[in-house]
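Student: Take a look and give me a structure for this.
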Amino acid sequence: MTDISYESLVEKALLNVVRDALDYAAQNGLGDANHFYISFKTQHPDVVLSDRMKASYPDEMTIVLQHEFSHLEIDDNGFSVTLSFGNIPERITVPFAAITRFADPYAQFGLSFKPEVATAPKPKKKEKTEKPAKDEKTENVVSLSAFRKKK
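Tutor: Model (predicted):
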């Protein structure tokens, strides 16, 4: 019998929130207030970026969906959008599995994710036999405080 991976279940549910927010924006547009900051791992194998953008953002990239975006399309695995970088339109495809952060500052809402990106294997380290300290277990907590407005 395997253990239930609650962390995986929660991450999947929160990625559905991102998908639904993007789908809403694709169907209805974004008003003057809402805007999305989306950070993602550019090394994810299903990310589609031009060579120029990959060279500029070799690890992670943040895009902003606000006023000037077009052709926002969402499917079960991710989204595609056309944005302008230096007055050059770029079509970007981002799988949900590559997203590291999603925020809507106007709504004071934000999420962080830990995507698994296939990269070259790292050298193996000796396994630890001791249990992690209690304060190390907080890495599973999603903190929204970074996206809240300061009073």
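Student: pull the longest helix from the chain.
Tutor: Longest helix in the chain, counting residues (DSSP state H): helix 6-28.
Student: now the residue nearest in space to the middle of the chain, nearest residue through space, not along the chain?
Tutor: Nearest to the geometric centre of the chain sits residue 99, at 2.1 Å (CA atoms, centre = their mean). With sequence-adjacent residues excluded and distances taken as CB to CB, 6 or more residues apart in numbering, residue 99 is closest to residue 40, at 5.0 Å. Yep, even glycine has a C-beta here, placed from its N, CA and C like the rest.
Student: which ones are touching that neighbour?
Tutor: Residues in contact with residue 40 (CB atoms under 8 Å, 6 or more residues apart in numbering) are 47, 60, 61, 63, 94, 98, 99, 100, 115.
Student: In which helix or strand does the third one reside?
Tutor: It stands for residue 61. Element membership for residue 61, per DSSP states H and E: strand 60-65.
Student: got the buried residues for that strand?
Tutor: Residues of strand 60-65 classed as buried: 61, 63, 65 (neighbour count, 16 or more other CB atoms under 10 Å).
Student: residues touching the first one, list them.
Tutor: Contacts for residue 61 were tallied using CB under 8 Å, 6+ apart; they are 39, 40, 42, 49, 53.
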